[in-house]
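>>> Below: sequence and its predicted model.
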Amino acid sequence: MKPKVTLLMITSVDGRLHPSRFTSSPDGTRRDWSAQYEKVHEALKADAWLVGRVTMAEISKAGPHAPSKAAAVERPLHIASKSEGSYAIALDPSGKVHFKPGGLGGDHVIALLGRDVPDSHLAELAADGVSYIVSDRADIDIAAMLDVLGREFGIRHLVLEGGAGTNGTFLAAGLVDEMRILVAPAIDGGENVQGIVAYGDGLAGKLALQLKSADTLEHGVVQLHYAVLPPGH
Ligand SMILES: NC(=O)c1ccc[n+]([C@@H]2O[C@H](COP(=O)([O-])OP(=O)(O)OC[C@H]3O[C@@H](n4cnc5c(N)ncnc54)[C@H](OP(=O)(O)O)[C@@H]3O)[C@@H](O)[C@H]2O)c1
């Protein structure tokens, strides 16, 4: 069964996604917006979070390395272990992201890979204790992947945490159930800076948003909660 998907992002009032670029607070300090983000993440009590290849490479900070031990390579599914806590999931069609052994911040890592990923990368992931699923398509069938995550790992609620391209793909495919957008009282203002969603010519005609609530959090951050509906709902 497909897990419930909640899209969670923090943004400036002009919709950009790099908090390190945002204007500072009235007292002149830079706020740690990530602390607000983490609080909402924790409150959701989801059993997995998922990010795209670019974002996961920023988080994992690991480089390519030879597997520490030789093992037969499994396809399409390798379950290194099941998590007692949360799963950290990467959408990485070409196998460009590498991981250190031991998971990420206590979360067990699952890589979602494209069909053409080489066996050498699968061997590296398995040796590092990473679980993986290989798609039957080069570009990853995300809906099919979500089904496997629900069936094989028991994931019921997944938080989609960017970046822009990954959010766009999920929204265009109708795979997002709700969005929680945290709007910081700050502006980016730069030209040609990414927004929180990016998808080809855009998403007009592909979905509709219904506002469920708007809450003020600490430091003037506003949480906008939307249900994501099919167009014309
Ligand atoms: N403000 C926030 O709350 C927040 C949250 C998360 C991230 N961020 C920021 O967002 C930035 C990255 O955003 P981004 O859009 O450049 O990158 P991203 O979404 O993290 O990763 C994009 C990559 O994911 C893979 N991918 C996405 N959709 C796919 C699909 N349908 N099938 C197969 N692969 C798919 C592709 O990898 P390949 O290129 O390998 O094909 C694609 O280039 C980072 O700088 C990060 O700091 C901000």
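It's in.

>>> Run a quick neighbour tally on Asp215.
The number of residues packed around Asp215, counting by other Cβ atoms under 10 Å, is 12. Placement of C-beta: from N, CA and C, glycine included.

>>> going forward, begin numbering at 672 instead of 1
Happy to do that; since the first residue is 672 now, the last one works out to Asp886.

>>> quick one: contacts for the residue in the chain that the ligand sits nearest to?
Nearest residue of the chain to the ligand (Cβ to the nearest ligand atom) works out as Gly834 at 1.9 Å. Residues near Gly834 by Cβ atoms under 8 Å, 6 or more residues apart in numbering: Leu688, Val722, Gly723, Val725, Thr726, Gln865.

>>> Distance-wise, check Val830 relative to Gly776.
14 Å (Cβ to Cβ, to the nearest Å).

>>> Those two: which has the busier surroundings?
Val830 (23 against 9).

>>> May I have the phi/psi pair for the more buried one?
When read as degrees, to the nearest 10, the backbone of Val830 gives phi -100, psi 120.

>>> need the contact list for it.
Val676, Thr677, Leu678, Leu679, His712, Leu715, Ala717, Ala719, Trp720, Leu721.

>>> Pull the residues that contact the helix or strand of the chain with the lowest mean pLDDT.
Sorting the helices and strands of the chain by mean pLDDT, DSSP states H and E puts helix 704-715 at the bottom, at a mean of 93. Contacts with helix 704-715, where a contact means Cβ under 8 Å, 6+ apart, come from 677, 679, 681, 690, 693, 720, 828, 830, 832, 851, 853, 855, 857, 888-890, 892, 894.

>>> could you flag which of those residues are buried?
677, 679, 681, 690, 693, 720, 830, 832, 851, 853, 855, 857, 892, 894 (16 or more other Cβ atoms under 10 Å).

>>> Can I get these in a markdown table including pLDDT and distance to the ligand?
Shown next, in a markdown table, are the buried ones among the contacts of helix 704-715 (pLDDT from 0 to 100; distance: Cβ to the nearest ligand atom, whole Å):
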| residue | pLDDT | distance to the ligand |
| --- | --- | --- |
| Thr677 | 98 | 13 |
| Leu679 | 98 | 7 |
| Ile681 | 97 | 4 |
| Pro690 | 93 | 6 |
| Phe693 | 94 | 10 |
| Trp720 | 98 | 10 |
| Val830 | 98 | 11 |
| Glu832 | 98 | 5 |
| Arg851 | 98 | 10 |
| Leu853 | 97 | 8 |
| Ala855 | 95 | 9 |
| Ala857 | 95 | 12 |
| Val892 | 94 | 12 |
| Gln894 | 98 | 13 |
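
>>> so which of the contacts of Val830 would you say is closest to Leu817?
Closest approach between these and Leu817, by Cβ to Cβ: Val676, at 7.4 Å.

>>> Is the closest one within a helix or a strand, and which one?
Secondary structure from DSSP states H and E places Val676 in strand 675-682.

>>> cool, Tyr803 as well?
Secondary structure assignment for Tyr803, by DSSP H and E: strand 802-805.

>>> hmm, that strand touching the ligand?
No: judged by Cβ under 6 Å from any ligand atom, strand 802-805 stays clear of the ligand, getting no closer than 12.3 Å.
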